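*Asks:* Could you look at this predicted model? Sequence included:
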Amino acid sequence: MTAEKFEINHKDLIEGLGKGLRVIEAFDDDHPRLTASETAALTGITRTAARRFLLSLCHFGYAATDGKHFWLSPRVLRLGQSYLGAARLPRLVQPFIQRASMQSGETVNMSVLDGHEVVYVARSNPPRYVSIGYQVGVRVPAHVVTPGFAILSSYSDEALDAWIAEHQFTSFTSHTITDLQAFRDNVLAARELGYWMTEQHLDNGLRGIAMPLKDRKGECRGAIGMTLQVQAYSTEQLVAKLLPLLREAAQSLRPLL
């Protein structure tokens, strides 16, 4: 499910770095602009410390301020871009999802699970004007997109139950699964099938199909999938036409991972 974790001695940690990263992560759609007091409340650090971190971010170009409120600057995007530029997995996957995209005429993406969010790290668009799906770097709650089910299907029962117990099952549409047992049943069904499909869990009119991307040891490294208009394909057409392309890409990648 994940790479073996290297044990780090706590004496080697720089606590200030961790707090600074928490300050950056405090900004989101609901909190695009924050005061020092609001940042302190969101991160669990003192107001004085929060203000110093915010001023430091401004000094190094990662934030800006009007003297009271703070907001992130475009420079902070370099942090995410550094992962995309340095990580081997998105670069390795790209030609395979590009081939599946050309064969299907649909947008194909690769995503990973970061805690309780799915993060899209690679994407290939078909040669047409309008493409559907999520751009690279987008983060969405894992319970509302198909890759979340696909990746979680590789978890052990114990790990899955722990994840579900800690997750916030927010409703986005009338189709969103918010019942814990129903969600667990869906993930277990995805485990049996080796893939999963969802419909309108996050956005009305959209459905998805995805399957786990496993390495040569059988460990899940993420998921590859497609997002489509509901009316574009029937369930039978998804399984007959698009699923084989995803399977071919996953099987071709497995010896390389």
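*Replies:* Thanks, I have it. Residues are numbered from 1 along each chain as shown.
*Asks:* show me what contacts Arg216?
*Replies:* Counting by C-beta atoms under 8 Å, 6 or more residues apart in numbering, Arg216 makes contact with 254-255, 257. Quick note: C-beta positions are derived from backbone N, CA and C, even for glycine.
*Asks:* Any stretches of this structure with poor pLDDT?
*Replies:* Filtered on pLDDT under 70, the chain yields the residue ranges 1-6, 83-86, 128-131.
*Asks:* Hmm, Val112 is touching Ile224, no?
*Replies:* No - contact criterion C-beta atoms under 8 Å: Val112 and Ile224 do not qualify, at 10.8 Å.
*Asks:* Buried members of the contacts of Arg216 into ChimeraX, please.
*Replies:* To isolate the buried ones among these in ChimeraX, judged by 16 or more other C-beta atoms under 10 Å, type:
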select :257
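*Asks:* Just give me the closest of the contacts of Arg216 to Gly80.
*Replies:* Leu257 (22.1 Å; C-beta to C-beta).
*Asks:* for the closest residue to the closest one other than its chain neighbours, phi and psi?
*Replies:* Using C-beta to C-beta, 6 or more residues apart in numbering and skipping the chain neighbours, the partner closest in space to Leu257 is Asp215 (3.5 Å). Per-residue torsions, Asp215: phi -90, psi -180 (degrees, to the nearest 10).
*Asks:* give the contact list for Asp215.
*Replies:* Neighbouring residues of Asp215 by C-beta under 8 Å, 6+ apart: 221, 254, 257.
*Asks:* Mind doing that once more with 10 Å?
*Replies:* If you count contacts by C-beta atoms under 10 Å, 6 or more residues apart in numbering, Asp215 has them with 3, 89, 221-222, 253-257.
*Asks:* Which ones among those residues map onto helices?
*Replies:* 89, 253 (DSSP state H).
*Asks:* Of the contacts of Asp215, which is the nearest to Asn204?
*Replies:* Nearest to Asn204 out of those is Gly222 (C-beta to C-beta; 26.3 Å).
*Asks:* Could you tell me how many residues sit around the closest one?
*Replies:* By other C-beta atoms under 10 Å, the residues close to Gly222 number 28.
*Asks:* any idea how far it lies from Phe27?
*Replies:* According to C-beta to C-beta, to the nearest Å, Gly222 stands 26 Å off from Phe27.
*Asks:* do Arg139 as well
*Replies:* Distance, Arg139 to Phe27, using C-beta to C-beta: 13 Å.
*Asks:* Met110 now?
*Replies:* 26 Å.
*Asks:* Looking at those two, which one has more neighbours?
*Replies:* Met110 (27 against 18).
*Asks:* Now do the contacts for that one.
*Replies:* 89-90, 92-94, 96-97, 120-124, 136, 147, 210, 213, 221-225, 249, 253.
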